[in-house]
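Enquirer: The following comprises the amino acid sequence and a computationally predicted model.
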Protein chains: 2
Amino acid sequence: MSGDCHHHAEHDHQGLGEGALGRALDAAQAHCAAIQERLTPPRRRVLQLLLAADAPRKAYDLIAAYGDQGEPAKPPTVYRALEFLERLGFAHRIESLNAYVPCRIPGAHVAAFLICDCCGEAAEFEPDFGPELAAATAAGYALRAVTLEARGLCAGCQGA
Amino acid sequence: MSGDCHHHAEHDHQGLGEGALGRALDAAQAHCAAIQERLTPPRRRVLQLLLAADAPRKAYDLIAAYGDQGEPAKPPTVYRALEFLERLGFAHRIESLNAYVPCRIPGAHVAAFLICDCCGEAAEFEPDFGPELAAATAAGYALRAVTLEARGLCAGCQGA
DNA sequence: CACTTACTGTTATGAAATAACATAACGGAG
DNA sequence: CTCCGTTATGTTATTTCATAACAGTAAGTG
């Protein structure tokens, strides 16, 4: 699946630094409070780990990175937090990678990704589902969720 | 993930019967011969299992169903066959289900699915990726593969 | 406070996929 | 036809991904 060049998400650094990270977490906490949901410590911790990353993170990476002194979390702790974060739209699961990213387009109602097979970056974009919606409607389907993941090489990895 | 009604892919029976199945397998074999690929016994067997099914099949279902007298296959046998079938376009993996279907639109170059969360049917359709392609190009991406999976309720399951 | 509901901690297990290496079948070059 | 590289298979074991089940804790409500 992965490409042959050895970049690792350098040309994009989506991962938030100290300050921005704290502000993002606080904003998430405020948003939760506003809608009567709780951004509890494990949930906040997992969101923090996602926001700090430059690329999609595997569940077991999060599990390993969870503790402050290197002690891992138990799998359900992280999976439950991820489920919550997805439900609230703070995170997305990338099916073709078995990995998770924080939501980078808070307003969007559907998420889609451009995934670089070389450096691992996953750029979220808001898709135009006009044609697909039409196809679904024609087939009599009532849609609930859509997964769109496009794989290839990002601009930075094409020359390599 | 699955819905609450208890249909199980009845209103569609995509699974091929005896005759059609044999013809489809022979056609696949002929196609392979024409392009210098080999539809060997394990590959043919897995394709047969996929073609006979009414819904996406999990790899371990195929493993269990593989033998004639109920003896299972070893996992690599089936995974390797699936890899081959995907490579040649005879089968598709549905990421959001961890499951596989035979290709129902032989000509198409990309596959997309409408998946019913109730009855489990996965209807393949040929998507119009105009907008997404534009987005990818704008971002400088060179695309290699696209996954599109739309989930909801099929016409037959909506009243239920 | 008593009660309900949501969340967390923990143990264990289940499901999905692949690594690694040995053996066998095919297909061309000589 | 026979040697040999390539492709495919068989087999064992392991790794990776995800959830079931249940006990305990914290928060919100009457």
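Expert: Okay, I see it.

Enquirer: how about low-confidence regions in chain A?
Expert: By pLDDT under 70, the low-scoring segments of chain A are A:1-6, A:8-12, A:160.

Enquirer: And the residue of it closest to DNA strand C?
Expert: Nearest residue of chain A to DNA strand C: A:Thr40, at 3.0 Å (CB to the nearest atom of the strand). In this view, the C-beta of every residue, glycine as well, is placed from N, C-alpha and C.

Enquirer: now that residue: how far from chain B?
Expert: 24 Å (CB to the nearest CB, to the nearest Å).

Enquirer: Compute the number of surrounding residues for that residue.
Expert: Applying other CB atoms under 10 Å in any protein chain shown, we find 13 residues neighbouring A:Thr40.

Enquirer: State the phi and psi torsions of it.
Expert: Phi and psi for A:Thr40, reported as degrees, to the nearest 10, are phi -70, psi 170.

Enquirer: Need the residues that contact stretch A:127-147.
Expert: Contacts with stretch A:127-147, where a contact means CB atoms under 8 Å, 6 or more residues apart in numbering or on different chains, come from A:95, A:110, A:112, A:148, B:95-96, B:112, B:114, B:116-117, B:123, B:125, B:127-128, B:130-132, B:135, B:147-155, B:158.

Enquirer: Just these: which are in helices?
Expert: With helices taken from DSSP state H, the overlap with these comprises B:Gly130, B:Pro131, B:Glu132, B:Ala135, B:Ala155, B:Gln158.

Enquirer: how about the helices in chain A?
Expert: A:18-34, A:41-52, A:59-65, A:75-87, A:130-138, A:155-158.

Enquirer: Tell me which of these sits most buried.
Expert: Among the helices of chain A, judged by mean count of other CB atoms under 10 Å in any protein chain shown, the one packed with the most neighbours on average is helix A:41-52 (a mean of 20).

Enquirer: So which residues on chain A come close to chain B?
Expert: Counting by CB under 8 Å from any CB of the partner chain, chain A comes close to chain B at A:95-96, A:112, A:114, A:116-117, A:123, A:125, A:127-128, A:130-132, A:135-136, A:139-155, A:158.

Enquirer: List only those of the residues you listed flagged as buried.
Expert: With neighbours counted by 16 or more other CB atoms under 10 Å in any protein chain shown, those contain buried members at A:95-96, A:112, A:114, A:116-117, A:123, A:125, A:127, A:132, A:135-136, A:141, A:143, A:146-154.

Enquirer: What parts of chain A come near DNA strand D?
Expert: Within chain A, the residues that sit near DNA strand D (CB under 7 Å from any atom of the strand) are A:Arg38, A:Lys58, A:Ala59, A:Tyr60, A:Lys74, A:Pro75, A:Pro76, A:Tyr79, A:Asn98.

Enquirer: What count of nearby residues applies to the first one?
Expert: Counted with other CB under 10 Å, the neighbours of A:Arg38 add up to 11.

Enquirer: can you check the second one too?
Expert: Burial of A:Lys58, expressed as a neighbour count using other CB under 10 Å, amounts to 12.

Enquirer: which one is it nearest to, not counting chain neighbours?
Expert: A:Ala99 (5.1 Å; CB to CB, 6 or more residues apart in numbering or on different chains).

Enquirer: Quickly list what that neighbour is bridged to.
Expert: Taking DSSP bridges as the rule, A:Ala99 bridges to A:Lys58, A:Ile94.

Enquirer: Geometric centre of chain A: which residue is closest?
Expert: Centroid-nearest residue in chain A: A:Val101, 1.6 Å away (criterion: CA atoms, centre = their mean).

Enquirer: Need the residue in chain A that's farthest from the chain's center.
Expert: Centroid-distance maximum for chain A: A:Ala138 at 31.2 Å, with CA atoms, centre = their mean.

Enquirer: Could you report the neighbour count for A:Gly120?
Expert: Residues near A:Gly120, counting by other CB under 10 Å, number 20.
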